[in-house]
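Give the three-dimensional model of this entry:
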Amino acid sequence: MRYIISLLLFLSLGLSLLGQDTSLTKKQQPLPVNGADSINASLVNADIDTLIKPDTISIAGVGDMMLGTSFPSTKYLPPNDGRNLLDAVTALLNNATLAFGNLEGCFLDAGEPSKKCKDSTKCYVFRMPERYAPYFKEAGFDMLSLANNHAGDFGNPARTTTIALLDSLGIHHAGQTIRPYTTFEKGGLKYGFVAFSPNSYTLQITDLEYAESIVHELDSICDVVIVSFHGGAEGIDHQHVTRETETFYGENRGNVYEFSHRMIDAGADVIFGHGPHLLRATELYKDRFICYSLGNFATYARFSLSSPKHLAPIVEVFTKPDGTFLYAKVHNFVQHGEGGPKADDKSQSYTQLKKLTESDFPETNLQFTGNNLILRKP
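Numbering: from 1, shown residues only. All right, here's what the predicted structure looks like:
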């Protein structure tokens, strides 16, 4: 009798399951993956939505931006006065909780460069028209680094004008010694933002103890701390993170590996690097995400955009409200011709970041899943 009852229960359960819709919803469908990038099935099929909570934040980072210069000639300004140069990325940047980029230059309508050049056509100094400043706000940028080698191209008049314009637009900025860091609130969280470089009138990437003290102070009063650095040697021969001090044209460009680790030890949550004018590896250290170089993003004229310097990704980092890494997504863009980001359906930036990360940081706890996502290894 007990056997017959058990059999009846089993048959009843089976019939009830046959009557149910067991198909996966769209959000439950396994993530696509390229056959060449097959990895642990549980990771590939992980539902990203399970990582996203109502309080998840996304911080989008891009590299160098210079939307055209009126010096030494207005011929270096883009068509339509630059109004459409960032159109391809505006929706993405505005959709992120925060968007960051490096302002590789200054805003100034007139003035002479702070360094003298015998031939102005070979003098790479950048002066964006002041009317271009709102383009960054419209594109969705919340934070801009002013710590780089072109922020001082036109001296103090350009520094003060640039700072005043960004303040008027509500764009947070950091890196100049007269305004080294900032804090602000958004969505119920308090953010700290600070930027470093090896250049004059900026916070020094080589003064690690002072840098640590600033980051530690920001960490004590903020929920999330974002650090930017302009560092490392430039060009095709310097794609890799050496973990040593790098020099370029006799200038100490810092040890970006040591700098990044010490900033995280001091309380940094997300680190965005730039300066080499091409992509470098990513790394996860103590559950905090590092981009060692985001390359050129929107650099109109006067920049070499030959491969691989044409790669112009948006790396969107998703974190918990305390800055703990959840995952990152690479939005692929490229620059061709005179410049300006355009969508890239070949995922070239993602492929390059994967290659460099696996080469430079084989021990890091990151996994590239082949679908433009960067996840923590299981």
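
okay, now the residue nearest to Gly267 when sequence neighbours are not counted: neighbour count?
Nearest residue to Gly267, sequence neighbours excluded (Cβ to Cβ, 6 or more residues apart in numbering): Asp219, at 2.6 Å. The C-beta positions use only the backbone N, C-alpha and C, and glycine is treated the same way. Look at Asp219: counted by other Cβ atoms under 10 Å, it has 18 neighbours.

just Cys106 next, same as before
28.

how much space between it and His274?
From Cys106 over to His274 the distance is 16 Å, taken as Cβ to Cβ, to the nearest Å.

same deal with Gln335?
On the measure of Cβ to Cβ, Gln335 and His274 end up 14 Å apart.

try Asp64
6 Å.

circling back to that earlier point, what sits against the residue nearest to Gly267?
Gly192, Val225, Ala266, Gly267, Ala268 (Cβ atoms under 8 Å, 6 or more residues apart in numbering).

who's more crowded, Gln335 and His274?
Between Gln335 and His274, counted using other Cβ under 10 Å, His274 has the larger neighbour count: 32 against 22.

which residues does the more buried one contact?
So His274 contacts Gly63, Asp64, Asn102, Ser145, Asn148, Ser228, Phe229, His230, Ser293, Leu294, Gly295 (Cβ under 8 Å, 6+ apart).

Show the buried residues in the residues you listed.
Gly63, Asp64, Asn102, Ser145, Asn148, Ser228, Phe229, His230, Ser293, Leu294, Gly295 (16 or more other Cβ atoms under 10 Å).

helix/strand/coil for the third one?
On the three-state scheme (DSSP: H, G, I helix; E, B strand; the rest coil), Asn102 is labelled strand.

Which helix or which strand is home to Leu93?
helix 90-95 (DSSP states H and E).

Pull out the buried residues from that helix.
Leu92, Leu93.

Same check on stretch 336-351?
Glu338, Gly339, Gly340, Pro341, Asp344, Ser347, Gln348, Ser349, Tyr350, Thr351.

Can you flag which of the residues you listed belong to strands?
Pro341 (DSSP state E).

Which one of the buried residues of stretch 336-351 is nearest to Arg280?
Ser349 (11.8 Å; Cβ to Cβ).

Find the nearest non-adjacent residue to the closest one, please.
That would be Pro313: by Cβ to Cβ, 6+ apart, it lies 3.6 Å from Ser349.

hang on, the one you found packs against Ala328?
No. Counting by Cβ atoms under 8 Å, Ala328 is not a contact partner of Pro313; they are 10.5 Å apart.

Now do the helices in this protein.
2-18, 41-44, 90-95, 133-139, 155-169, 208-221, 256-266, 348-360 (DSSP state H).

what's the closest non-adjacent residue to Thr90?
The shortest distance from Thr90 to any non-neighbouring residue, by Cβ to Cβ, 6+ apart, is to Ala139 (5.0 Å).

Packing partners of the helix holding Leu93?
Helix 90-95 is packed against helix 133-139, strand 314-319, with contacts defined by 3 or more Cβ pairs under 8 Å, 6 or more residues apart in numbering; DSSP states H and E.

got the buried residues of stretch 336-351 as JSON lines, with distance to Gly111 columns?
Shown next, in JSON lines, are the buried residues of stretch 336-351 (distance: Cβ to Cβ, whole Å):
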{"residue": "Glu338", "distance to Gly111": "24"}
{"residue": "Gly339", "distance to Gly111": "23"}
{"residue": "Gly340", "distance to Gly111": "25"}
{"residue": "Pro341", "distance to Gly111": "28"}
{"residue": "Asp344", "distance to Gly111": "36"}
{"residue": "Ser347", "distance to Gly111": "42"}
{"residue": "Gln348", "distance to Gly111": "38"}
{"residue": "Ser349", "distance to Gly111": "35"}
{"residue": "Tyr350", "distance to Gly111": "40"}
{"residue": "Thr351", "distance to Gly111": "42"}
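
can the buried residues of stretch 336-351 go into a markdown table with extra columns for distance to Thr202 and pLDDT?
Output for the buried residues of stretch 336-351, formatted as a markdown table (distance: Cβ to Cβ, whole Å; pLDDT from 0 to 100):
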| residue | distance to Thr202 | pLDDT |
| --- | --- | --- |
| Glu338 | 28 | 96 |
| Gly339 | 24 | 97 |
| Gly340 | 27 | 97 |
| Pro341 | 25 | 98 |
| Asp344 | 32 | 98 |
| Ser347 | 34 | 98 |
| Gln348 | 31 | 98 |
| Ser349 | 27 | 98 |
| Tyr350 | 31 | 98 |
| Thr351 | 33 | 98 |
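
Let me know the closest of the buried residues of stretch 336-351 to Leu279.
Distances from Leu279 to the buried residues of stretch 336-351, taken by Cβ to Cβ, are shortest for Ser349, at 6.5 Å.

Quick one: residues contacting that closest one.
Leu279, Leu311, Ala312, Pro313, Val330, Asn332, Phe333, Val334.

how far away is it from Ala195?
22 Å.

and if you look at Glu185?
19 Å.

one step back: among the contacts of Asp219, which two are most distant?
Among the contacts of Asp219, Gly192 and Ala266 lie farthest apart (Cβ to Cβ), at 11.4 Å.

joint contacts of these two?
Counting by Cβ under 8 Å, 6+ apart, the residues touching both Gly192 and Ala266 are Val215, Asp219.

Those two: who's more crowded?
The neighbour count for Gly192 versus Ala266, taken as other Cβ under 10 Å, is higher for Gly192 (25 against 20).

Show me what the more buried one is bridged to.
For Gly192, the beta-bridge partners under DSSP bridges are Thr183, Val225.

is it true that it touches Ser228?
No. If you go by Cβ under 8 Å, Gly192 and Ser228 don't touch, sitting 11.7 Å apart.
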